[in-house]
Every structure is written in structure tokens, then in C-alpha cells.
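>>> Just to be clear, the model below is a prediction. Sequence and coordinates:
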Amino acid sequence: MSFAQKKMPDLIMVLVLLLIVNTIGSEGCWSEKEIESALGMGFENTECETFLNEDVTSLPTSCASNSTTIRIVMCCMKVLITAELSYYKELTHLDLSYNFISSLPHGVFDYNKKLANLSIRGNNITNLNPRTFQGLRELRRIDLSGNSIKSLPQETFESCTQLQELNLSHNQISVFEGNFISLKSLRLGYNRIIRFAVQTEALETLDLSSNQIQDWQNGEYRSLKSLALSNNSIKTVSQSTFHGMRNLVSLDLGDNVINELEEETFEKLCKLELLDLSGNKLTIPKRKWFTNVVRNNDIVATRPLLKGNEWECTVNSRPFKAFLSALRLAGDRITWLKRLRVDCVGTNKGFQLKDIEWGAPSSENENEETEPLDQECQVETIPLTKTCSILTFGCIGFSVMVATVTIVCLLGVIWLWLYYHKRRKKVEDPEPIYDIPPEEIQLEPRVIREPGYCIFQGNNNGKWW
């Protein structure tokens, strides 16, 4: 038997093992964001597309009537004609980004009932007709960013019952109102919004950064995970503003004019990992602000998110010492204070926390007990890691099950491999059934064999045995 033939069973075993591990490992807990990132915006398999073509001023007739995906990007289209779109009744994905389209006539998509993904970003649209998207019940994504839209009728997206993503950033919208059933992501950054009133229960991501909001009282978005309110004109935030957002993971309040926040403002945000308070008018910190952030995260996450305020961090500032104590600074305190990058005003103007000699902690701070968690946060499952903190219990349970099955399969394959080699060794190298030297034995031609044992007849020095 050749070496290759001897090793063939081992090779087959290894291949089977790799196949099992790969099959099990490929089954995982994928979040919705990971799936959407893998799929992209749905324009991967474009059937008809044109880029950077100055001669294209309308939908080309060269596209097949049964085309489902059309991209006309960076061309010279100025108008959308209903008659042209009516030719593509199977259309599901339409990308007309970076053209010169200035309006969307009412009923322009009346013949495209299957449309699911629409991108008209980077055009010159100024207004939307209330009937523009009427009847598009399959529409899931709309991107109208980078236009010049000034106003939106409240009923503009009313009939889009399956709409999940809406991007209206980089426009000139001042008032945004509406009722959305399935909307999960809403991006309105870089507008002129002064009034925001949206009714929805599924919203997870809301971006209102770089607007003109002065007062924020919308705290009933219970599914919200990410809220960006940076670079607005917010002056005050009430103590209970965010208490309804129990699933909030990221909150950005940077670059506003907030001069005071109550102790319990963020107390109910049990899953909070990222809190940005930089660039405001805050002077005295409160020890409970970052309680949940520190519990769910590493203190490094807070390091750039306090700068740009007017902190009164004098040497004898008891509130600041209590705040630093609540952060649970570990290791070299000077290193942590450098990372916080907090500038001081008052008697220590021009200094940072790292430049101040804080001295030994007072006896009051030494004996101070750790602040207890909010009662509602105590029943929450504490995340195992920063990455897993937003996973559901079902996802974690599935991962444990996959790991268990993988280990069992590995042990089973190893046992079979050892058992197989042990049996093969016995066949190739059988153990001797006697210990008598062969030169002392004279065997007769006949050997009597009985089931289970052997009897030999021999003559040893004239004696039969």
C-alpha cells in the first residue's frame, strides 16, 4: 500500500471536519445593519446604466421594457416624464443621482408600483408635490439628499407604508411633520429645521444635526438607538426629555448652547454607550451623567466628548471631584485627565484638568459609596462587550448554541479518528498469542483450532504438549 493510499482516509477526515466547521460557522446572528451593508442599496446588478454622458437628457429608450434596475448618474437629465417611466412597469430600483432635475410632477411614478429603491440625490429639486409618491406601497428607501427642498407637505410620504429609510439631509427644510409606520432611519442633517414633529414607533436612527432647533421635547421614540442633535441652538433640556428612549445607545448633544443639565437627565438610558456634551456652555458637571456610559463602555469613549465647555474646575471644586470619582478613573490619573481634554475657566483659565494639582482625595470622597444604578437599569442585561451590547438575548442564545454544536462535532470527529487508527493498527500489527521461542517448538503439520482459542501439538525434548 502506497503512502498516498495510507493517508487518504486521514485526508478525507480533515476535509469532512472543515466542511462541518465551515457550515456551522457560516450560520450566525446577523444584525439588520450588517445585512443592509452586505446588500448595499440594491444597485449591484444594474441592467441599464449611463454615467457622465452629456447627451443623456431623458430616460434612454435602449433599456429593455422589463428592466428592474436603471441608473442614470451624472448626466444632463432635467425633467422626469411620466410617459417615459410608464414604459418600465417592472422597475424596482431607480437611481437618477447628480443630474439637473428640478421637479417631480405629481403622478410621475404612477406606473411604477413595484418601485422599492429610489435615489434622486444631488439634483435641483425645490418642492415636492403631495401626490409624487402616492401609491408606491413597495417603496422602502428614498434618497433626496443634496437638493434644495424647502417645504414638504405632511402627507408627502403618507401612502409609503413600507418606507424604512428616508434621507433628506443637505436641503433647506424648516418644518418636518408626518406619520410613518415602518420608518427605521431618518436623516435630516444640514437643513434649517426649527420644528420637528413625527409620529412613529419603529424609528431607530434619527439625525437632526446642523439645524436650528432650540427646544427638544420629543422623548417618546422608544425604539430609537441613535440620536444626533449636534450643532443646533438647544439651550435647555428637561430632566425627563430622554427618559422614554430606553434603547438609546448613542446621544450627540455637542455644539449647542446648553448651560445646565439635571443630575438625572440620562439616568434612564440604561444602554447608553456614547454621550457627547462637547462644545456647550456647561460649567459644573454632575456625577450621574456618565454612570450608564461607564457601565456599558470604556472610559476612553468619553475622552473627546467634554471639551469646549466652560468648566469651573477649581482645585477645591467638590462637584468636579465627585464627577471624576464617578468616572472610576483607573491607573495613572494624570493619563486619564490628559485624555479628557477639559479646559478650565475662572481662576484656572487656560489650564486643563491634567495641569491642576488635585492632591489626595478627601475623606468624604474616600468613604463615598458607588452610586447605585437606577432600579429599571438593574434588571437590564449588562452587555458582555461593547460590540455585543446591542445584540438581543435571542442572538446571544443562538451564538451559544452554534458554539456548543461546533464543539460537539469536533469531539465526535476526533473520537472517530482515534478509533479508526486504533482498529487499523490492530489489523496491520497483530499481537502474538504465545511467548515461547520458536526454535524450541516442533509443531505437527496439523493445528486444531477451536472458536475463541488455539491448541498446538508439539514435541519438546520427547514430551508432548
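Thanks, I have it.
>>> Low-confidence ranges, the stretch 51-200 of the chain, go.
Scanning the stretch 51-200 of the chain with the threshold set as pLDDT under 70 gives no residue ranges.
>>> and N66, how many neighbours?
By the other Cβ atoms under 10 Å criterion, the neighbourhood of N66 contains 10 residues. To be clear about C-beta, it is placed using only N, CA and C from the backbone, and glycine gets the same treatment.
>>> again but with T283, I slipped
By other Cβ under 10 Å, neighbour count at T283 equals 15.
>>> That one: what's it in contact with?
259, 309-312, 345 (Cβ atoms under 8 Å, 6 or more residues apart in numbering).
>>> Among the residues you listed, the buried ones, what's the PyMOL command?
Selecting the buried subset of the contacts of T283 in PyMOL, with 16 or more other Cβ atoms under 10 Å as the burial test, is done by:
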select buried, resi 309+311+312
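>>> Identify, from the contacts of T283, the entry nearest to P130.
P130 has its nearest neighbour among the contacts of T283 in N259, at 41.0 Å by Cβ to Cβ.
>>> if we can go back for a sec, switch the contacts of T283 over to CSV; also include pLDDT, secondary structure and distance to D207.
Compiled in CSV, the contacts of T283 are given as follows (pLDDT from 0 to 100; DSSP: H, G, I helix; E, B strand; the rest coil; distance: Cβ to Cβ, whole Å):
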residue, pLDDT, secondary structure, distance to D207
N259, 90, coil, 24
N309, 84, coil, 23
E310, 82, coil, 27
W311, 80, strand, 28
E312, 77, coil, 32
V345, 74, coil, 31
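>>> Could you dump the contacts of T283 into CSV with distance to L227 added?
Putting the contacts of T283 into CSV (distance: Cβ to Cβ, whole Å) gives the following:
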residue, distance to L227
N259, 20
N309, 20
E310, 24
W311, 24
E312, 28
V345, 29
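>>> just curious, which of the contacts of T283 is nearest to R222?
Within these, the smallest distance to R222 is 28.7 Å, found for N259 (Cβ to Cβ).
>>> Assign the closest residue in space to the closest one that isn't next to it in sequence to helix, strand or coil.
Closest residue to N259 apart from its sequence neighbours, by Cβ to Cβ, 6 or more residues apart in numbering: K281 at 4.0 Å. Here K281 is coil, with the state taken from DSSP: H, G, I helix; E, B strand; the rest coil.
>>> Please, which helix or strand holds L186?
Assigning secondary structure by DSSP states H and E places L186 in strand 185-187.
>>> who touches that strand?
Taking contacts as Cβ under 8 Å, 6+ apart, the residues outside strand 185-187 that touch it are 145, 164-169, 180, 198, 203-207.
>>> Equivalent analysis for stretch 153-168, please.
Taking Cβ under 8 Å, 6+ apart as the rule, stretch 153-168 contacts 121, 128-130, 132-145, 149, 152, 176-188, 191.
>>> ok, 7 Å please
Judged by Cβ atoms under 7 Å, 6 or more residues apart in numbering, the contacts made with stretch 153-168 from elsewhere in the structure are 128, 130, 132-145, 149, 177-188.
>>> What subset of the residues you listed is buried?
128, 132-136, 138-145, 149, 178, 180, 183-188.
>>> out of those residues, which are inside helices?
Among those, none falls in helices (DSSP state H).
>>> If we ignore the residues flanking it in sequence, what's nearest R192?
The shortest distance from R192 to any residue that is not its chain neighbour, by Cβ to Cβ, 6+ apart, is 4.7 Å, and that residue is S174.
>>> The one you found: how many residues sit nearby?
For S174, the tally of surrounding residues (other Cβ under 10 Å) stands at 15.
>>> swap in N124?
13.
>>> List the contacts of it.
Applying Cβ under 7 Å, 6+ apart, the residues contacting N124 are 100-102, 147-148.
>>> I'd assumed L272 was in a helix, is it?
No. Secondary structure of L272, determined by three-state DSSP: coil, with no helix assignment.
>>> what pLDDT does it get?
L272 carries a pLDDT value of 90.
>>> Look up how far L248 lies from it.
Computed with Cβ to Cβ, to the nearest Å, the distance linking L272 and L248 is 6 Å.
>>> likewise A116?
29 Å.
>>> Comparing those two, which residue is more hemmed in?
Under the criterion of other Cβ under 10 Å, the comparison of A116 against L248 puts L248 first, with 26 against 17.
>>> Kindly state the beta-bridge partners for Q199.
Here Q199 shows beta-bridge partners N179, assigned using DSSP bridges.
>>> ok, now which ones touch N232?
Residues near N232 by Cβ under 7 Å, 6+ apart: 211-213, 256.
>>> which one is it nearest to, not counting chain neighbours?
With Cβ to Cβ, 6+ apart, the residue lying closest to N232 is I213, at 4.3 Å.
>>> Could you count how many residues lie near V73?
The burial count for V73: 20, using other Cβ under 10 Å.
>>> Quick check, it in contact with Y98.
Yes. Counting by Cβ atoms under 7 Å, V73 does reach Y98; the two are 5.8 Å apart.
>>> which residues make contact with stretch 274-281 from outside it?
With Cβ under 7 Å, 6+ apart, stretch 274-281 has contacts from 230, 249-259, 266, 290, 293, 301, 304-310.
>>> Which positions in it come out as buried?
Within stretch 274-281, the residues that count as buried by 16+ other Cβ under 10 Å are 274-280.
>>> Next, the distance between the ends of it.
Between the opening and closing residues of stretch 274-281 lies a distance of 19 Å (Cα to Cα, to the nearest Å).
>>> cool, and stretch 290-309?
Between the opening and closing residues of stretch 290-309 lies a distance of 16 Å (Cα to Cα).
>>> And for stretch 122-137?
Stretch 122-137 has an end-to-end distance of 25 Å (criterion: Cα to Cα).
>>> How about stretch 153-167?
End-to-end distance for stretch 153-167: 16 Å, by Cα to Cα.
>>> how about it: buried residues?
156-158, 160, 163-167.
>>> ok, which stretches of the stretch 151-300 of the chain are strands?
With DSSP state E, counting those that start in this stretch applied, the stretch 151-300 of the chain shows strands at 165-167, 175-179, 185-187, 195-199, 205-207, 226-228, 250-252, 274-276, listed in chain order.
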